[in-house]
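*Asks:* sharing a model that was predicted from the sequence below.
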Amino acid sequence: KAGVTQTPRYLIKTRGQQVTLSCSPISGHRSVSWYQQTPGQGLQFLFEYFSETQRNKGNFPGRFSGRQFSNSRSEMNVSTLELGDSALYLCASSLGPAGINNEQFFGPGTRLTVL
Amino acid sequence: DQQVKQNSPSLSVQEGRISILNCDYTNSMFDYFLWYKKYPAEGPTFLISISSIKDKNEDGRFTVFLNKSAKHLSLHIVPSQPGDSAVYFCAASAQGDKLIFGTGTRLQVFP
């Protein structure tokens, strides 16, 4: 069974640009969560989508948005990029809503560098 | 406000000895705790979890202990192996809500 895939793996953008990251969950998984990992901050929760609906949202500005398609694939968009958005963006999928008894499986991440 | 804290950014342990990774939390509503392991260039992988109704859960060389009164959990790895060298994250959730992760502890197991 294929794991969680994320594209692209690496991305370089400049300030003010926007970016779209993609995540394909494990087949059959209906929940996709997005996290931002930066040095010293650990993994910060961005949002979770379940059955095309945003189920939960972290404390990030409105520049960060996402969506989920009917095939459970998810995209994350960041507009008006700032230097501080440079991070590893991880997505994780689970069969049901993330939480107890619904283990999350992570993808390898997209390394975004903002210059 | 960091609700889940891993105060040791790094830990170095000799092969064969015990590794103890610690995690503290502030939210008394957390009822589910997990440990993840992360190798460079890979996403985190689930290691072990514990529900708040338990104080210990064991899986092979890995044991997680939960002390609810101290709001503290720890991961014990016995015996430690070089392949255990990675960054370890603890995470917690409250009643199925989003996972809150700690900042991670880098474990190095040397021969």
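*Replies:* Thanks, I have the structure now. Residues are numbered from 1 along each chain as shown, chains lettered A, B, ... in the order given.
*Asks:* state the distance from B:P111 to chain A.
*Replies:* From B:P111 over to chain A the distance is 28 Å, taken as Cβ to the nearest Cβ, to the nearest Å. For the C-beta atoms, the positions are set from N, CA and C on the backbone; glycine is no exception.
*Asks:* now do that residue, the pLDDT please.
*Replies:* For B:P111, the model assigns a pLDDT of 92.
*Asks:* number of nearby residues for it?
*Replies:* For B:P111, the count of nearby residues is 6 (other Cβ atoms under 10 Å in any protein chain shown).
*Asks:* before we move on, what about A:T110?
*Replies:* Look at A:T110: counted by other Cβ under 10 Å, it has 21 neighbours.
*Asks:* ok, now which ones touch A:E82?
*Replies:* A:E82 sits next to A:R15, A:V114 when contact means Cβ atoms under 8 Å, 6 or more residues apart in numbering or on different chains.
*Asks:* now it: how far from B:Y32?
*Replies:* Distance of A:E82 to B:Y32, given as Cβ to Cβ, to the nearest Å: 33 Å.
*Asks:* partners of B:R106 in the sheet?
*Replies:* As for beta bridges, B:R106 partners with B:S10, B:V87 under DSSP bridges.
*Asks:* that one contacts B:Q6, doesn't it?
*Replies:* No: judged on Cβ atoms under 8 Å, B:R106 makes no contact with B:Q6 at a distance of 10.1 Å.
*Asks:* the more surrounded of these two?
*Replies:* Comparing B:R106 with B:Q6 by neighbour count (other Cβ under 10 Å), the higher total belongs to B:Q6, at 20 against 15.
*Asks:* residues from chain A in reach of chain B?
*Replies:* By Cβ under 8 Å from any Cβ of the partner chain, the part of chain A that sits against chain B consists of A:4, A:33, A:35, A:40-45, A:48, A:56, A:58, A:90, A:92, A:97-100, A:103-109.
*Asks:* count of neighbours near the residue in chain A that chain B sits nearest to?
*Replies:* Chain B sits closest to A:F106 of chain A, with a gap of 3.1 Å, by Cβ to the nearest Cβ. A:F106: 22 surrounding residues under other Cβ under 10 Å.
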